[in-house]
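Novice: Take this sequence and fold it.
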Amino acid sequence: MSKPRSLLLPPRTRARALETARGDFAVLDTEPLGRRRGTVLLLPGYTGSKEDFLALLGPLSEAGYRAVAVDGRGQYESRGPRGRAAYRRRALALDAVAQAAALGDGPVQLLGHSFGGLVAREAATIAPAAFRSLTLLSSGPGRVTRPQRIRIRVLRVGLALLTKERVWQLMCWLDSRGEEPDTTDVPELAVFLRRRWMRTRIAQLAGAGRLLLCRQDGTEELAALRMPLHIVYGTDEMVWPVADLAAAAARTGAHHTVVKGAGHSPNVSHPRELTDLLTGFWEGADAPAGFRTVP
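Specialist: The predicted structure follows:
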């Protein structure tokens, strides 16, 4: 999971409920500084939340973009049902389509981080007219790495057998052995991470884990999309095999960029470098002919 390094809201940001045709969703909505160049919808990853994008919201705003980070259904501050069917990929994707429509800004740039990329891919397939482009940030197609598959299976078994508190303790131990920076020595962040875990629906956690373990490749699905596509990740990505991500970019003709020195969450560790890469892609995507070539 991504671990924000600060919980301070950037300037021009408000936390609010986004009312959609499929229910209300908790969002962080950041207005642009100066003339608006576009609107971006940001979908977080597994065990994450809208706060994963806090470091990115300010730079996007300064670049002229309205940036809206969302908690998906059952994720942290967004309500969600208990049933398994509510967390199938299509249901989550339809939520993203409804969120884009509710923003009222016409087609928006869509970005999904890690698990959020799986949802974003499906949303772009279902309703391509709702989105100007699709960015997969540290996200497939393909399968997550073997250590990550083991981690997800352990968490899913734990959720079925143990209390949520015990699973939280297990997850903290697993994360301490991963690539994300440690935040447990910052009291307010440690409190936030635990609160986010405890408030996220078990059905959401189990459903997202199930989707991440799916063997479906998805490259052909991406290649068939009729919109600009961007695959971006860090040089030290550990959740998805870097070779698979590079191969997917080549096979789909996606715009392909790598954030030097970043791990699984460039949105946390390298927000300004990532903003430059994203805005460069969006400018090209909004050009009259668009583009979908590897630089």
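Novice: mind listing what's buried in stretch 11-30?
Specialist: By neighbour count on 16 or more other C-beta atoms under 10 Å, the buried set for stretch 11-30 is 12-13, 18, 20, 22, 25-30. Every C-beta, even on glycine, is put in place using the N, C-alpha and C of the backbone.
Novice: Mark which of those are part of strands, please.
Specialist: Assignment to strands by DSSP state E places the following of the buried residues of stretch 11-30 there: 13, 18, 20, 25-30.
Novice: Could you tell me whether L111 really is in a strand?
Specialist: Yes - counting by DSSP: H, G, I helix; E, B strand; the rest coil, L111 falls inside a strand.
Novice: ok, back up a step: same list (the buried residues of stretch 11-30) but as a markdown table, adding distance to N267 and pLDDT.
Specialist: Formatted as a markdown table, the buried residues of stretch 11-30 follow (distance: C-beta to C-beta, whole Å; pLDDT from 0 to 100):
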| residue | distance to N267 | pLDDT |
| --- | --- | --- |
| R12 | 18 | 97 |
| T13 | 15 | 98 |
| L18 | 20 | 98 |
| T20 | 23 | 98 |
| R22 | 25 | 97 |
| F25 | 19 | 98 |
| A26 | 18 | 98 |
| V27 | 16 | 98 |
| L28 | 13 | 98 |
| D29 | 17 | 98 |
| T30 | 13 | 98 |
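Novice: counting contacts, what elements does the host helix or strand of L277 pack onto?
Specialist: If you go by DSSP states H and E, L277 is part of helix 271-285. On a contact count with 3 or more C-beta pairs under 8 Å, 6 or more residues apart in numbering; DSSP states H and E, helix 271-285 meets strand 38-43, helix 54-62, strand 108-113, strand 131-137, strand 229-234, strand 255-259, helix 266-269.
Novice: okay if I get these as JSON lines plus mean neighbour count, distance to V68 and mean pLDDT?
Specialist: Shown next, in JSON lines, are the helices and strands packed on helix 271-285 (neighbours: other C-beta atoms under 10 Å; distance: least, C-beta to C-beta, whole Å; pLDDT from 0 to 100):
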{"stretch": "strand 38-43", "mean neighbour count": "26", "distance to V68": "6", "mean pLDDT": "98"}
{"stretch": "helix 54-62", "mean neighbour count": "24", "distance to V68": "9", "mean pLDDT": "98"}
{"stretch": "strand 108-113", "mean neighbour count": "27", "distance to V68": "8", "mean pLDDT": "98"}
{"stretch": "strand 131-137", "mean neighbour count": "26", "distance to V68": "13", "mean pLDDT": "98"}
{"stretch": "strand 229-234", "mean neighbour count": "24", "distance to V68": "18", "mean pLDDT": "98"}
{"stretch": "strand 255-259", "mean neighbour count": "20", "distance to V68": "22", "mean pLDDT": "97"}
{"stretch": "helix 266-269", "mean neighbour count": "27", "distance to V68": "14", "mean pLDDT": "98"}
